[in-house]
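A.B. asks: all I have is the shape, not the residue letters:
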DNA sequence: TAGATTGTTAATCGATTAACAATC
DNA sequence: TAGATTGTTAATCGATTAACAATC
């Protein structure tokens, strides 16, 4: 037996954690940050779950995938749990990010304060329109798309945001992968395919509204 | 036995369809629209699944929750299936939408073409900053937040988009509910609570990046 | 007809819930 | 101590996959 106890593995297999658990982890983190802001020092699984609409058992089970963070009789200490979740998500260090496509949505994303607050720093923007390149948007330099690989490598950028129209999203994604990024958030309303080795998160704003429409029409709760 | 055969209920209980199935429905729809654009008339569950990274069995099972849309030996006729899915999602008619919070993100959402393409029409925007009210952004009139209830009722708006800062999101949501909306898409990075009767979809842009970071660090596929 | 492909059933797999001894 | 609350196990519930007769 290689681990100290036989309970939790010293190195839990994070890749095998259910996807649903990981997505709730981000919600726990966000809630904990608000709790600290409101002056709370500890929180029980019951109260944390209640705030998010989950059961206490689910909160405890989710967190237990990653280790033992709670204190029986007390609950979870907020700052401690925040640090732990940041470590698990990998957002305890700053991630340099590239954004491709400085249109309406791209500009909004460049100005979005929430990224910085969670450890993401958009260090370079790219566009193929020469009227936009060379300028600065929200403090971020807009480079020409042709310089993508060079700048991404120079700055050690690991993830890219795609905010171009649907018909160029695949090409942009391919260039980002060539340039060496390991993950992409795609805001274009189209399916893109990437090598297995590159992670992909798709965000389709119209689909979010569609999902809402369905639950309105069928009177069901979305969460 | 009230239904014709004993197979599919004449009125399938849509509220009991798994949430995951409904979210894939939107992806099928998006893919089918691209397929039609590319000149395809029919598509098999195998090919549709392949495009999206799902198995053929899953595609067939998902669609079978809602009825029989396929043709053995042929596959699914794209335009037919598109119409069926639109009917299921409720986006076969136009949904008038209200947007609250004309900041960076709000402006981008007002200019987002994808909403219109999927049946959503932002008919009114609201802000509490008097310098913004009375103007027009992307062809949409910006009203003062105080006029929310009046305009929402006048236009029969059923869903609202919240794109205000986190600290005013709950208040804005409450006012939207008072005004009679039945569903809300919340872009503010905070949990909001609504009556059971109102549907809620939350979109947190930083959380999407966090989820990507986790899968990059743990080299796992997000979809 | 032969080949392709559906809708559906049964088997498998995975996630959530309930319960409770252990702990503070 | 008594009360609160955890981490974990076992039981339940739900979703996905595999297989195949029915259909075009």
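C.D. replies: Perfect, I can see it now. All figures in this text were calculated on a predicted structure; none of them were measured in a lab.
A.B. asks: which stretches of chain A form helices?
C.D. replies: Along chain A, counting by DSSP state H, helices occupy A:19-37, A:45-52, A:56-64, A:78-89, A:104-110, A:113-117, A:148-155, A:166-178, A:205-217.
A.B. asks: which one of those lies nearest to residue A:127?
C.D. replies: Closest to residue A:127 of these is helix A:104-110 (C-beta to C-beta; 7.7 Å). Backbone N, C-alpha and C define where each C-beta goes, glycine included.
A.B. asks: mind listing what's buried along the longest strand belonging to chain A?
C.D. replies: Ordering each strand of chain A by length in residues (DSSP state E) puts strand A:120-127 first. By neighbour count on 16 or more other C-beta atoms under 10 Å in any protein chain shown, the buried set for strand A:120-127 is A:120, A:122-127.
A.B. asks: got the domain ranges for chain A?
C.D. replies: Domain ranges of chain A: A:14-89, A:95-207, per automatic domain parsing.
A.B. asks: out of the ones you listed, nearest to DNA strand D?
C.D. replies: DNA strand D sits nearest to domain A:14-89 of all the domains of chain A, at 2.4 Å, using C-beta to the nearest atom of the strand.
A.B. asks: and the closest one, is it in reach of chain B?
C.D. replies: Yes - judged by C-beta under 8 Å from any C-beta of the partner chain, domain A:14-89 and chain B are in contact via A:14-15, A:19, A:22-23, A:25-27, A:29-31, A:34, A:51-52, A:88-89.
A.B. asks: would TSV of the helices of chain A with distance to residue A:139, mean pLDDT and mean neighbour count be doable?
C.D. replies: TSV is the format used below for those (distance: least, C-beta to C-beta, whole Å; pLDDT from 0 to 100; neighbours: other C-beta atoms under 10 Å in any protein chain shown):
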stretch	distance to residue A:139	mean pLDDT	mean neighbour count
helix A:19-37	24	97	19
helix A:45-52	34	97	18
helix A:56-64	37	97	17
helix A:78-89	24	97	19
helix A:104-110	8	98	23
helix A:113-117	11	96	15
helix A:148-155	15	98	16
helix A:166-178	22	98	18
helix A:205-217	24	97	23
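A.B. asks: nearest to residue A:142, out of these?
C.D. replies: helix A:104-110 (8.9 Å).
A.B. asks: ok, the residue in chain A positioned nearest to DNA strand C - contacts?
C.D. replies: Across chain A, no residue is closer to DNA strand C than residue A:73, which sits at 2.5 Å (C-beta to the nearest atom of the strand). Not one residue lies near residue A:73 by C-beta atoms under 8 Å, 6 or more residues apart in numbering or on different chains.
A.B. asks: do the same with residue A:179
C.D. replies: Residue A:179 touches A:148-149, A:152-153, A:157, counting by C-beta under 8 Å, 6+ apart.
A.B. asks: likewise residue A:146?
C.D. replies: Going by C-beta under 8 Å, 6+ apart, residue A:146 touches residue A:128.
A.B. asks: ditto for residue A:143
C.D. replies: A:124-126, A:133, A:151.
A.B. asks: which residues touch residue A:69?
C.D. replies: Taking C-beta under 8 Å, 6+ apart as the test, what residue A:69 contacts is A:63, A:76, A:80-81, A:84.
A.B. asks: picking that back up, and the buried residues of strand A:120-127, which two are furthest apart?
C.D. replies: A:120 and A:127 (19.7 Å).
A.B. asks: tell me the buried residues in stretch A:38-45?
C.D. replies: A:42-45.
A.B. asks: any part of that stretch near DNA strand D?
C.D. replies: Yes - using C-beta under 7 Å from any atom of the strand, we find that stretch A:38-45 touches DNA strand D at A:43-45.
A.B. asks: can you get me the start-to-end distance on that stretch?
C.D. replies: Length of stretch A:38-45, first residue to last, C-alpha to C-alpha, to the nearest Å: 18 Å.
A.B. asks: now for the most centrally placed residue in chain A: which residues touch it?
C.D. replies: Chain A has residue A:26 as the residue nearest its centroid, 7.9 Å off, counting by C-alpha atoms, centre = their mean. Contacts for residue A:26 (C-beta under 8 Å, 6+ apart) come out as A:89, B:204, B:207, B:210-211.
A.B. asks: swap in 10 Å and give it another go.
C.D. replies: When contacts are counted by C-beta atoms under 10 Å, 6 or more residues apart in numbering or on different chains, residue A:26 is found next to A:85, A:89, A:91, A:118, B:204, B:206-211, B:213-214.
A.B. asks: return the residues of chain A in contact with DNA strand D.
C.D. replies: Residues of chain A lying close to DNA strand D (C-beta under 7 Å from any atom of the strand) are A:7-8, A:43-46, A:56-57, A:60-61, A:63-64, A:68-76.
A.B. asks: if we use 6 Å, what do you get?
C.D. replies: Those residues of chain A that sit near DNA strand D, judged by C-beta under 6 Å from any atom of the strand, are A:7-8, A:44-46, A:56-57, A:60-61, A:63-64, A:68-76.
A.B. asks: let me know how buried the spatially closest residue to residue A:173 that is not a sequence neighbour is, in neighbour terms.
C.D. replies: Closest residue in space to residue A:173, ignoring its immediate chain neighbours: residue A:192 at 4.8 Å, by C-beta to C-beta, 6 or more residues apart in numbering or on different chains. Neighbour count of residue A:192, defined by other C-beta atoms under 10 Å in any protein chain shown: 17.
A.B. asks: surely residue A:192 is in contact with residue A:202?
C.D. replies: Yes - with contact defined as C-beta atoms under 10 Å, residue A:192 reaches residue A:202; the gap is 7.8 Å.
A.B. asks: which residues are in contact with the closest residue to residue A:29 other than its chain neighbours?
C.D. replies: Of all residues not flanking residue A:29 in the chain, residue A:85 sits nearest, at 4.6 Å (C-beta to C-beta, 6+ apart). Residue A:85 makes contact with A:25-26, A:28-30, A:32-33, A:63, A:66, A:69, A:91-92, B:210, according to C-beta under 10 Å, 6+ apart.
A.B. asks: tell me the confidence at residue A:15?
C.D. replies: For residue A:15, the model assigns a pLDDT of 79.
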